[in-house]
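Visitor: below are the sequence and a predicted model for it; my questions follow.
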Amino acid sequence: MPDPSPATDAARAKAATVHAILLHVYGHPDWRPDFPPMDELILTILSANTSDVNSGRAFERLKGAYADWQAVLDAPLAELVDVIRPAGMGPTKAPRIQAALRKVLAERGAFDLGFLADLPVEEGLAWLTQIDGVGHKTASIVLLFCFGKAAFPVDTHVQRVTQRLGLAGPTDDPAKIKARWEALAPAEWFYPLHLNLIRHGRQICHARRPACEICPLQAYCDYYVGVIRAG
């Protein structure tokens, strides 16, 4: 599969068609913040390399075990590792959670990320990615999901679907795919398109044995046209 050229009219048209089809199949999720920004940040740190079910369980345990974020910050590290155990990688994630809380408190004087609403997207991304363990995906999730900012998160589902469609190169990393979608789509598409690409990856475009025979994107998918149909 050749690397796609920069955001051409053809690529934008293909992206628009993909977006329209996914809206028709999965519906139009309207933007609404599910969690306060601080909660979203910690939940996203917990979600790395695990399922939503496991990270959700760990987050519920965390909120149930501690009265507030100060208590999480003050908790003995070994105790915190045990509390978030369902998310996996506790010895890595627990220090990252405390580092994130420490930075926010030191720089803002409270566990409050509301100031990000007033920052341009690039400044918000730069501030968040200074935190150990917070990459572009986590930062983009906080900005998009909590503030409706024009940041496009790329998880494994979004990456896989985008590459199979041919809208990103096969070796492109998530940061490059993020920039790709931000060049191809208007900001108002980011929230529904991100969620629908994830849903498509979970339900049809599986990592192993994708259900190409029932995929509504067949005609626009380089993987299907070049690999499945050709084979």
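Guide: Noted; the coordinates are in hand. Just so it is clear, the model here is predicted, and its values are computed rather than measured.

Visitor: spatially nearest residue to H28 (excluding sequence neighbours)?
Guide: P192 (5.4 Å; C-beta to C-beta, 6 or more residues apart in numbering). (Glycine included, C-beta is placed from N, CA and C.)

Visitor: so, low pLDDT: which residues of this structure?
Guide: For the chain, applying pLDDT under 70 flags the ranges 1-6, 228-231.

Visitor: domain boundaries for it, per the record?
Guide: 9-30+153-228, 37-147 (automatic domain parsing).

Visitor: would you turn those domains into JSON lines with mean neighbour count?
Guide: As requested, the domains of the chain are arranged in JSON lines below (neighbours: other C-beta atoms under 10 Å):
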{"stretch": "domain 9-30+153-228", "mean neighbour count": "17"}
{"stretch": "domain 37-147", "mean neighbour count": "18"}
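
Visitor: from the chain's centroid, how far away is the strand or helix carrying the residue nearest to H28?
Guide: For P192, the host element (DSSP states H and E) is helix 190-203. Here the centre of helix 190-203 is set off from its chain's centre by 10 Å, with C-alpha atoms, centre = their mean, to the nearest Å.

Visitor: kindly report the same for stretch 191-206.
Guide: 11 Å.

Visitor: for stretch 133-141, same thing?
Guide: 7 Å.

Visitor: what sits against the nearest residue in space to V72 that is not next to it in sequence?
Guide: Leaving aside its sequence neighbours, V72 sits nearest to Y66 (C-beta to C-beta, 6+ apart; 4.8 Å). Residues near Y66 by C-beta atoms under 8 Å, 6 or more residues apart in numbering: 72, 75, 83.

Visitor: now do the second one against H19, distance only.
Guide: From A75 across to H19, the span is 43 Å (C-beta to C-beta, to the nearest Å).

Visitor: what of R199?
Guide: Counting by C-beta to C-beta, the gap from R199 to H19 is 13 Å.

Visitor: give me the secondary structure label for the most centrally placed residue in the chain.
Guide: Centroid-nearest residue in the chain: P153, 3.9 Å away (criterion: C-alpha atoms, centre = their mean). Following DSSP: H, G, I helix; E, B strand; the rest coil, P153 is assigned to coil.

Visitor: correct me, but it touches K178?
Guide: Yes: assessed by C-beta atoms under 8 Å, P153 is found in contact with K178 at 7.2 Å.

Visitor: find residues that contact each of those two.
Guide: Residues touching both P153 and K178 (C-beta under 8 Å, 6+ apart): 136-137, 140.
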